[in-house]
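fold the following, please.
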Amino acid sequence: MATLLSKVLGSIFRIPLQNIAGDEVLGIFSLVYPVYMVALILSVAGIPVAISKLIAEARAESERHNTQNLYNQHTDSLSDSPRTPHSIQHIFQSAKILAILFGIISFATILLFSHEIAELLGGQQTRLALIVVSTTLLIAPYMAVYRGYFQGFDLMTPTGTSQVIEQFIRVGLILFLAHELTIRGQSNEIVAAGIMTASVAGATGSLVYLQLKKSRSRFNSTYQHAPLSFPTFKFWSKKILATSIPIAIGSITMALFNFVDSITIPFSFRAIGLTDNEITYQFGIYSRGVVLVQIVTVFASSIILPLIPLISKNLVENNLEGVHQPINKSFFLTQFLSWPAAVGLFVLAWPINKALFTNFEGSWVLAITGVSSVFTSLVIVATGVLQGLNKARLSAWVILAGVLAKFVLNIVLTSEFGLIGAAISTLIVYLIIFIFQWLFIAKIIPLPLFQWKIVSAAILMGGVIWLGTYLFQIENWSRWETLIFSAVATILGAGIYFLLTTVLKINGKK
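Alright, predicted model coming up:
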């Protein structure tokens, strides 16, 4: 729940940001942030998820052999062998060193090539924001390793709490700085760069909390006398990287797709003669739909954190029921929540757009992007499942193929249809990726492609709500009228949907 809250905070703040600073600042933010996210995930290289997986497997192996828990063992002398009772601490120490190294390399790379990267994006007005946010790479990877450490012990609360702390600091500071810099008449470039400092502050606050949490945990005293030799570091580094790199590619799905948008949409718009300022403004319009998709996908993004080590642990223990049940339940709950949200976004795109973003610009883009949110959610969960099933490499290849397809489709469709083309590209690619992922998962675990009763209930609900938008002349409504209508329609739609799920006996049981 804490992770869910942090994901909501991390997505929804873009709405007041657009209201305060405008579409161009939102456009610069949305152009630059995927570059940072790609660098962040690659700099961590999937290490938090990897060490949570390795620690979970080490614990399960220890329990299977009926030995004392790794974190309670003490020895008078330590061997340089990697397979000591202190393996968990050595995993943690090795991961910290790798994260620091990758963070420094990623930051230096962005700094050195900031001119070229900015030119690929919306122009040089994005460069300052890019440099500022990239400084977070010196802190965030190190902080993320602590999250993976706790997750390996099935302790999800420290991760969730640290994410909430990070997002509260980050979101609060973003909105405060956006307001202050805007009322002082600063340029969009300065406003965008200023709000990026919030990412540094948020990551720092999260790191401080996690370090304090670990220093006070029952595991800390066990490992304080577990030095890391170079052979041990070399052993665990290879193992961590072998596990983490495919995971990183899978974890980077949304960031990679947003990164492709950041490059291909400006490229296509330049080809038809738009200026840099017009490009950042148009990208701000496009980002409205991305904001809402991120809100819809928060549940999927939250459940994969505990899902991966849980599946891995049950696999090691050969507990097939413990593998099948959480996978089936996760896909059912994702579809149960995502389908009505996607259909609702499609039929309410126009009033929601006016209510949240002040006008109707890009409503068709928002509607199409809204439909893609269900497939985005399913891809996120399927990626986590494949990682937990030790099919991370397979998942990585599917994701990379999808990124290549989106790159091509974006250029073709955006050049022809503008922002609507980019939205259609996203919808098509996520659907195709999920179908391929499902085919691989279904070979291991019986799993329906779609929950057709859920789909039917969502479409029926959407039809009723659509009648309301069709009967009223919403194009002449004020912002408050569209806000009230959207709220009432959402509540009514939720009631209809849950009534239909009761009538159709949709409960996730076979």
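
in what helix or strand does Lys313 lie?
When elements are assigned from DSSP states H and E, Lys313 belongs to helix 298-316.

quick one: mean pLDDT over that helix.
Helix 298-316 shows a mean pLDDT of 71.

what of stretch 229-247?
For stretch 229-247, the per-residue pLDDT averages 81.

who's in contact with it?
44-47, 49-51, 53-54, 80-82, 87, 90-91, 93-95, 97-98, 387, 392-393, 395-396 (CB atoms under 8 Å, 6 or more residues apart in numbering). For glycine as for every other residue, the C-beta is placed from the backbone atoms N, C-alpha and C.

any idea how far Gly322 lies from Ser244?
Per CB to CB, to the nearest Å, Gly322 is found 24 Å from Ser244.

report the buried residues of stretch 431-450.
431-434, 436-438, 440-441, 447 (16 or more other CB atoms under 10 Å).

contacts for it next, please.
By CB under 8 Å, 6+ apart, stretch 431-450 touches 253, 323-324, 327-328, 331, 335, 372, 375, 378-379, 382-383, 385-386, 389, 391, 394-395, 398-399, 401-402, 405.

what about that stretch, how long is it end to end?
Taking CA to CA, to the nearest Å, stretch 431-450 runs 12 Å from one end to the other.

and if you look at stretch 241-260?
25 Å.

could you do stretch 385-400 as well?
Termini of stretch 385-400 sit 17 Å apart (CA to CA).

Val145 contacts Gly46, correct?
No. Assessed by CB atoms under 8 Å, Val145 is found out of contact with Gly46, at 11.3 Å.

you'd agree Gly344 is up against Leu492?
No. Gly344 is beyond contact range of Leu492, at 10.4 Å (criterion: CB under 8 Å).

what sits in contact with each of these two?
Ile465.

of those two, which one has the most company?
Gly344 (23 against 14; other CB atoms under 10 Å).

OK, contacts around the more buried one?
Contacts of Gly344 by CB under 8 Å, 6+ apart are 370, 461-462, 465, 489-490, 493.

tell me the one of the residues you listed nearest Lys453?
Met461 (12.6 Å; CB to CB).

helix or strand for the nearest residue to Phe357 once chain neighbours are set aside, which one?
Closest residue to Phe357 apart from its sequence neighbours, by CB to CB, 6 or more residues apart in numbering: Arg288 at 5.2 Å. Using DSSP H and E, Arg288 sits in helix 276-296.

got the contact list for stretch 262-279?
Stretch 262-279 is contacted from outside by 24, 27, 30-32, 34-35, 120-125, 282-283, 286, 407, 410-411, 414-415, 419, 422, using CB under 8 Å, 6+ apart.

among those, which lie within strands?
Secondary structure from DSSP state E places none of the contacts of stretch 262-279 in strands.

buried stuff in the strand or helix carrying Met461?
According to DSSP H and E, Met461 maps onto helix 452-471. The neighbour-count check on helix 452-471 (16+ other CB under 10 Å) flags 453-454, 457-458, 461-462, 465, 468-469 as buried.

repeat that for stretch 403-416.
Neighbour-count burial for stretch 403-416 [16+ other CB under 10 Å]: 403, 405-407, 409-411, 413-414.

how much distance is there from it to the middle of the chain?
Its chain's C-alpha centre and that of stretch 403-416 lie 22 Å apart, by CA atoms, centre = their mean, to the nearest Å.

what's the answer for stretch 393-412, then?
17 Å.

what sits up against that stretch?
Under CB under 8 Å, 6+ apart, the answer for stretch 393-412 is 245-247, 249-250, 252-253, 256-257, 260-261, 263-265, 267-268, 382-383, 386-387, 421-422, 424-426, 428-430, 432-433, 436-437, 440.

hmm, try it at 7 Å
With CB atoms under 7 Å, 6 or more residues apart in numbering as the contact definition, stretch 393-412 has outside contacts at 246, 249-250, 253, 256-257, 260-261, 264-265, 267-268, 383, 386-387, 422, 425, 428-429, 432-433, 436-437, 440.

avg pLDDT for it?
For stretch 393-412, the per-residue pLDDT averages 89.

with stretch 352-361 instead?
For stretch 352-361, the per-residue pLDDT averages 90.

would you mind pulling the contact partners of stretch 322-335?
Contacts for stretch 322-335 (CB under 7 Å, 6+ apart): 299-300, 303, 307, 310-311, 314-315, 377-378, 381, 385, 445, 447, 450-451, 454, 508.

can you flag the buried ones in those?
So, by 16+ other CB under 10 Å, the buried ones in those are 299-300, 303, 307, 310-311, 314-315, 377-378, 381, 385, 447, 451, 454.

from those residues, which two are the most distant?
Among those, Leu315 and Ile454 lie farthest apart (CB to CB), at 28.1 Å.

quick check: buried residues in stretch 10-27?
10-15, 17-18, 20-27.

now swap in stretch 97-108 and tell me
Result for stretch 97-108 [16+ other CB under 10 Å]: buried residues 98-100, 102-103, 106-107.

for Met1, give its distance to Ile15.
Distance, Met1 to Ile15, by CB to CB: 22 Å.

I meant to write Phe168 there.
17 Å.

okay, now Ile174: neighbour count?
25.

what do you get for Val488?
11.

now do the same for it: helix, strand or coil?
Of the three states, Val488 takes helix according to DSSP: H, G, I helix; E, B strand; the rest coil.

on the pLDDT front, check it for me.
For Val488, the predicted pLDDT is 93.

do Ile506 as well
For Ile506, the predicted pLDDT is 79.

check contacts around it.
So Ile506 contacts 453-454, 457 (CB under 7 Å, 6+ apart).

10 Å instead?
332, 335-336, 451, 453-454, 456-457, 497-498, 500 (CB atoms under 10 Å, 6 or more residues apart in numbering).

try Ile131
By CB under 10 Å, 6+ apart, the contact list for Ile131 reads 32, 107, 110-111, 114, 117-118, 193, 196.

let's see it at 6 Å
For Ile131, the contacting residues are Ser114, by CB atoms under 6 Å, 6 or more residues apart in numbering.

return whichever strand or helix holds it as CSV; C-alpha atoms alone will do.
In the assignment (DSSP H and E), Ile131 maps to helix 127-134. What follows is helix 127-134, C-alpha atoms only, in CSV (Å, rounded to 0.1, in the frame of the first residue of the first chain):
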residue,chain,number,x,y,z
ARG,A,127,19.9,20.7,-21.3
LEU,A,128,19.9,22.5,-17.9
ALA,A,129,17.1,20.3,-16.6
LEU,A,130,18.9,17.2,-17.9
ILE,A,131,22.1,18.1,-16.1
VAL,A,132,20.3,18.9,-12.8
VAL,A,133,18.3,15.8,-12.6
SER,A,134,21.2,13.6,-13.6
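
so which bits of that helix are buried?
Buried positions in helix 127-134, judged by neighbour count with 16+ other CB under 10 Å: 127-134.
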